[in-house]
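Participant: Predicted model follows, preceded by the sequence.
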Amino acid sequence: MKPIRADRLGTLTPLGKGGMAQVYRVGNPLPEFPNETLAFKKLLPSIVEPNRTKLLTAMRTAVGLRDLLGPAEQAELDAVAVWPLAMVQEGGGDVGLLMRCIPDDFFLDTRNGREVFELQLLCTSTKQATAMGYDKSRERADKPLVRLALAARLAYAMEVVHRPRGGQRLVYGDMNLKNVAVATDPPRVLLMDCDGVADVGDTSRTQPNTFLFFPPEIIGKQQKLQDQVTDVYKLALAIMRGLSTGQAATQVKDPASPKIISGLLDPAGVALFRSAVDSDRARRPAAEDLKEYLVDRVLDLASPPVLLSAELSDEITLRGSEVFVRWTHQGARTVRIHSAVGNFSVDGIAADGYPGGYPIKPPTAGEIRVTAVNDDGEDTMSAGRLRYFEIPDVHVSLHPPPVVLDGLPSMELPRTHAELPPYPMHSAEVVAVPPVRWPQVPPLRVAALGSPAPLARDLWQGIGRAYHDASERIDLAIRAAVDDATRTLPAPPPAGPPTP
């Protein structure tokens, strides 16, 4: 990568200062590194010769090592290390290097503001963390399994640096608790101060050793230069101390120390780490061996959640209507419902809090996913693909225009009465019914009573005849009245042929 002129960096915002350099946030985007937030590490004016030349040479070496890698290898390295990207020139000479900014989730809140979450902060006691104001920010990292996962990630990062690449065998050098940044959700690490990384074949390399991280062979002057074996020694110390908490945790050398969180290392792990810090270099394992043990140990101790099922109550619905998401699980603490395209997400849903389903109204249709979460991991499953349909607009007018149907023949409706069958039509004239005159029953004359028996017989015979005569007269009168009324009605027309 060609050097970058300092005047292209734009406004420089101070981020931090060490013993040899000041770090700034770069204000201008650079087309050489699209979509990257960059930082400029500039050597302090107080760094003079011959140290200045040595440090700048080490920076150029680190940049050159990365340039030799392919895109996939560069991406893998960038995922675990804040590696130098290019040199920065000012006034015709190199003054520092360009690198990526550390992502925000590798910072934590302290009493003095936002600071890089260095590995050494895991070693402090809860009381001390509270006094420094980062006890809440560090809370997730206090979980034993998260500590173990961070240790596995650190071993993996060193294994990436140590991988053979052609004839190269890279040496990290100054591994210590301050040169590792950590993030906890999910657990990740970044190796910092990578401008000292050099190839093992570079006999001119200068790589410092931090107090309490000196390898025995360097102390005993058995060798002057560091290598991948000394890297493993320092790596093992950093891991053991990162698994420890409390007073003197930063000085732990024994993997069986009571400072190390109980239960994280089993007997096999204790034996492995004892070999890693052994004074006999031949007994030390490779960084990859430490990584494999720690990964297996995390899997042995972890109980990640398992989604058993996930479904939508309806896959086709009106836009704006609620759809219920249902799931079953094992071991989840919370659930996240989100769309596959990333424009919708609901986090922190109690895993057992909605037996009937959780209502959602995503802004767009598409695949809906459910992710079960607990402290040990996540599990994601598709609940289905949601499809929306729209209700068309309906306009109602109180005075609608006439409907014209083009192309239809006009039709005259027939007059209704002309189509009815020829039933007889009766006049509405009211016919007067002649009054019915009831005949008068002649008075009954009763002869002088002779004796009681003949009188009763004659009385009943007289009454019977009177009723009989009256009934006949009534019948005659009614018949005569009906005949008169019938003669006054109009005659019906003659019957025609039957209507089909």
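Facilitator: That came through fine.

Participant: Please look at residue 369 and residue 386 and confirm they touch.
Facilitator: No - checked against Cβ atoms under 8 Å, the pair residue 369 and residue 386 is beyond contact range at 11.0 Å. Heads up, the C-betas are built off the backbone N, CA and C, glycines and all.

Participant: I figured residue 364 hits residue 339, correct?
Facilitator: Yes - the criterion here is Cβ under 8 Å, and residue 364 meets it with residue 339 at 7.4 Å.

Participant: Looking at the two, which is more packed in?
Facilitator: residue 339 (18 against 11; other Cβ atoms under 10 Å).

Participant: Which residues are in contact with that one?
Facilitator: Residue 339 is in contact with 345, 362, 364, 366-369, counting by Cβ atoms under 8 Å, 6 or more residues apart in numbering.

Participant: for residue 343, same thing?
Facilitator: 362-364.

Participant: 7 Å - rerun?
Facilitator: By Cβ atoms under 7 Å, 6 or more residues apart in numbering, residue 343 lies in contact with 363-364.

Participant: Please shift the residue numbers so they start at 12 in all later answers.
Facilitator: That works, and once the first residue is 12, the last one we named lands at residue 354.

Participant: For my notes, confirm it occurs in a strand.
Facilitator: No - Residue 354: not assigned to a strand; according to DSSP: H, G, I helix; E, B strand; the rest coil it is coil.

Participant: Does residue 168 fall in a helix, a strand, or a coil region?
Facilitator: In three-state terms, and counting by three-state DSSP, residue 168 is helix.

Participant: pretty sure it is touching residue 202, no?
Facilitator: Yes - in terms of Cβ atoms under 7 Å, residue 168 counts as a neighbour of residue 202; the distance is 5.4 Å.

Participant: got any residues that touch both of those two?
Facilitator: Contact criterion Cβ under 7 Å, 6+ apart; residues shared by residue 168 and residue 202: 91-92.

Participant: Got the domain ranges for this structure?
Facilitator: Under the assignment automatic domain parsing, the domains of the chain span 15-111, 115-312, 317-400.

Participant: who's the residue most central in space within the chain bridged to?
Facilitator: Nearest to the mean C-alpha position of the chain, by Cα atoms, centre = their mean, lies residue 349 at 2.7 Å. Here residue 349 sits in beta bridges with residue 356, residue 380, as judged by DSSP bridges.

Participant: I figured it hits residue 355, correct?
Facilitator: Yes - between residue 349 and residue 355 there is a contact under Cβ under 7 Å: 6.3 Å.

Participant: Check which residues of stretch 354-372 are buried.
Facilitator: Under the neighbour-count criterion of 16 or more other Cβ atoms under 10 Å, stretch 354-372 has 355, 360, 362, 369, 371 buried.

Participant: mean confidence for it?
Facilitator: Stretch 354-372 shows a mean pLDDT of 95.

Participant: first to last residue in that stretch, what's the distance?
Facilitator: One end of stretch 354-372 sits 12 Å from the other (Cα to Cα, to the nearest Å).

Participant: Would you mind listing the residues in contact with residue 132?
Facilitator: By Cβ under 7 Å, 6+ apart, the contact list for residue 132 reads 145, 149.

Participant: what do you get for residue 315?
Facilitator: Going by Cβ under 7 Å, 6+ apart, residue 315 touches 385, 387-390.

Participant: Quick check: PyMOL command selecting the buried ones in those residues.
Facilitator: Command for PyMOL that selects the buried part of the contacts of residue 315, burial taken from 16+ other Cβ under 10 Å:
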select buried, resi 385+387+388+390
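
Participant: how about the contacts of residue 315, which pair is most distant?
Facilitator: Greatest spatial distance in the contacts of residue 315: 387 and 390, 10.4 Å, computed using Cβ to Cβ.

Participant: so where do the helices sit in the protein?
Facilitator: 62-78, 82-89, 137-143, 155-173, 227-230, 239-253, 278-287, 298-312, 463-498 (DSSP state H).

Participant: rank those helices by pLDDT, which is bottom?
Facilitator: Mean pLDDT is lowest for helix 463-498 out of the helices of the chain, coming in at a mean of 66.

Participant: Leaving out chain neighbours, which residue sits closest to residue 133?
Facilitator: Using Cβ to Cβ, 6 or more residues apart in numbering and skipping residues adjacent in sequence, the residue nearest residue 133 is residue 253, 5.2 Å away.

Participant: Can you tell me the number of residues neighbouring that neighbour?
Facilitator: Residues near residue 253, counting by other Cβ under 10 Å: 27.

Participant: Go ahead and confirm it touches residue 128.
Facilitator: No - the criterion here is Cβ under 7 Å, and residue 253 misses it with residue 128 at 11.8 Å.

Participant: Quick one: residues in contact with the longest strand seen in the chain.
Facilitator: Looking across the chain with DSSP state E, the single longest strand is strand 388-400. Under the contact criterion Cβ under 7 Å, 6+ apart, strand 388-400 has outside partners 313, 315-318, 321-323, 326-330, 334, 336, 373, 376-383.
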